[in-house]
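Sharing a sequence plus its predicted fold:
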Amino acid sequence: MSNSELFIQALENNDIELIKKVPKTDLHNHSTSGCSREYIKKHSGIEIPSLQKKLKSLDDMEQWMEKNINSYFSTPEGRNMTLEGCFQVANDDGVVVLQIGEDVWGNGYYYNNDIKKLIAQYKNMHKKIAPEIDFRFQVGLSRHCGISYLEEWMAPFLEQDCFYSIDLYCNEFAQPIKNFKGLYRKAKEKGWLLTAHVGEWGTADDVKEAVEELELNEVNHGIAAADSPQIMNWLRDNNIQLNITPTSNVMLNRVESIEKHPIRKLYDYGIKVTINSDDIIIFDSEVSKEYLRLYNAKVFTADELNKIRLYGLESRGNYE
Ligand SMILES: [Zn+2]
């Protein structure tokens with residue numbers, strides 16, 4: 001049986017173990033937050049509570065992280081464990097292409113401004129835990145940081161040849177998107193794939209503006225585009241892929257429920273969408289679970305979910 005046939009059968013039988021066995025991508029995953037509660041419990045005995053109700057804002061999420069996670073895991077040992085967990089959880093979930101990386105400030109904060117150490121940490125972890133995974137190393141920028149700081153912090157990353165893509169995240173309203181144009185031009189010259197978080201909290205117009213200003217190849221979230229038929233058509237015509245995280249969108253109150261998730265509408269407009277985890281440690285959102293949730297909520301048929309799975313693989317040149 002082909003992977004596509006297995007995947008469809010697994011969804012129809014609600015067989016999560018079989019879903020996990022079929023190759024899939026996770027292109028929107030925040031590294032150490034990609035570790036699961038189960039992994040942490042098994043390896044440290046610490047029980048992280050599950051999210052009992054929706055979060056109201058990113059600040060609310062930060063506070064939850066601070067209280068339940070950072071208090072244990074912001075030490076070098078703690079980060080080591082959660083990064084190891086991220087690779088292990090992805091591997092156990094059948095993720096064959098994993099896009100994760102480090103925030104540019106993390107080089108100073110965790111690695112003493114020694115980029116070689118940062119790179120070695122990720123590469124060694126990849127090799128040790130999940131060498132079969134096609135690991136795409138990402139450079140991350142926080143939107144609230146000053147541009148001159150970001151330029152300074154990003155400089156050592158631009159001197160390396162192991163990075164694959166760049167992402168921009170945190171508060172979408174912190175400063176205008178055009179401020180990041182210079183940084184993204186440098187990333188483009190370097191040949192990195194250009195992505196940014198936009199249209200999670202902002203509007204459809206914000207999505208279009210970010211794609212135009214930064215010349216994005218892919219958008220993380222971008223769900224607000226569903227409010228504008230023109231912008232959805234424009235995204236489709238320009239072949240802009242949206243890397244969507246359904247449970248995160250529900251739990252951060254961006255979307256009322258999985259049933260009402262606009263991923264359906266975006267897909268119907270012919271936009272390439274992929275299904276991703278965001279922060280597994282908070283949202284309990286390994287990609288296999290996300291596919292099954294969308295299937296059980298009748299958002300997509302098993303065949304459509306398989307097409308979406310293939311979009312992800314094809315977007316990284318990783319055909320079955
Ligand atoms: Zn995200």
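Received the coordinates, thanks.

Count the neighbours of the closest residue in space to Arg293 that isn't next to it in sequence for me.
Counting by C-beta to C-beta, 6 or more residues apart in numbering, Arg293 lies nearest to Ile258, which is 5.3 Å off, once chain neighbours are set aside. (C-beta placed from N, C-alpha, C; glycine too.) Other residues lying near Ile258 total 18 when counted by other C-beta atoms under 10 Å.

okay but Ile258 is in contact with Val250, surely?
Yes. Using C-beta atoms under 8 Å, Ile258 is in contact with Val250, at 6.0 Å.

Can you classify Leu141 as helix, strand or coil?
strand (DSSP: H, G, I helix; E, B strand; the rest coil).

For it, list each beta-bridge partner.
Leu168 (DSSP bridges).

now Thr247: how far from Gln138?
21 Å (C-beta to C-beta, to the nearest Å).

What of Val95?
15 Å.

In terms of neighbours, single out the busier of these two.
Val95 (28 against 24).

What's opposite the closest residue to the more buried one other than its chain neighbours in the beta bridge?
Setting aside the residues directly before and after it, Val95 is nearest to Asp26 in space (C-beta to C-beta, 6+ apart), at 4.7 Å. Bridge pairing for Asp26 (DSSP bridges) gives the partners Leu98.

residues contacting Asp26?
34, 90, 93, 95, 97-99, 276-277, 287 (C-beta atoms under 8 Å, 6 or more residues apart in numbering).

now do Leu216
Leu216 touches 194-196, 210, 240, counting by C-beta under 8 Å, 6+ apart.

helices or strands next to the helix or strand hosting Glu152 in the packing?
Per DSSP states H and E: Glu152 is located in helix 147-158. Judged by 3 or more C-beta pairs under 8 Å, 6 or more residues apart in numbering; DSSP states H and E, helix 147-158 is in contact with helix 104-111, strand 134-142, helix 181-189.

Next, the buried residues of the longest helix along the chain.
Taking DSSP state H as the criterion, the chain has its longest helix at helix 76-92. Using 16 or more other C-beta atoms under 10 Å as the test for burial, helix 76-92 gives 78-79, 81-91.

Let's have those residues in CSV, adding distance to Glu38 and pLDDT.
CSV is the format used below for the buried residues of helix 76-92 (distance: C-beta to C-beta, whole Å; pLDDT from 0 to 100):
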residue, distance to Glu38, pLDDT
Gly78, 17, 89
Arg79, 19, 89
Met81, 13, 93
Thr82, 13, 95
Leu83, 16, 96
Glu84, 14, 96
Gly85, 9, 97
Cys86, 13, 98
Phe87, 15, 98
Gln88, 10, 98
Val89, 8, 98
Ala90, 14, 98
Asn91, 14, 98
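
In JSON lines: the contacts of Leu216, plus distance to Pro262.
What follows is the contacts of Leu216, written out as JSON lines (distance: C-beta to C-beta, whole Å):
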{"residue": "Leu194", "distance to Pro262": "23"}
{"residue": "Thr195", "distance to Pro262": "19"}
{"residue": "Ala196", "distance to Pro262": "19"}
{"residue": "Ala210", "distance to Pro262": "18"}
{"residue": "Ile240", "distance to Pro262": "15"}
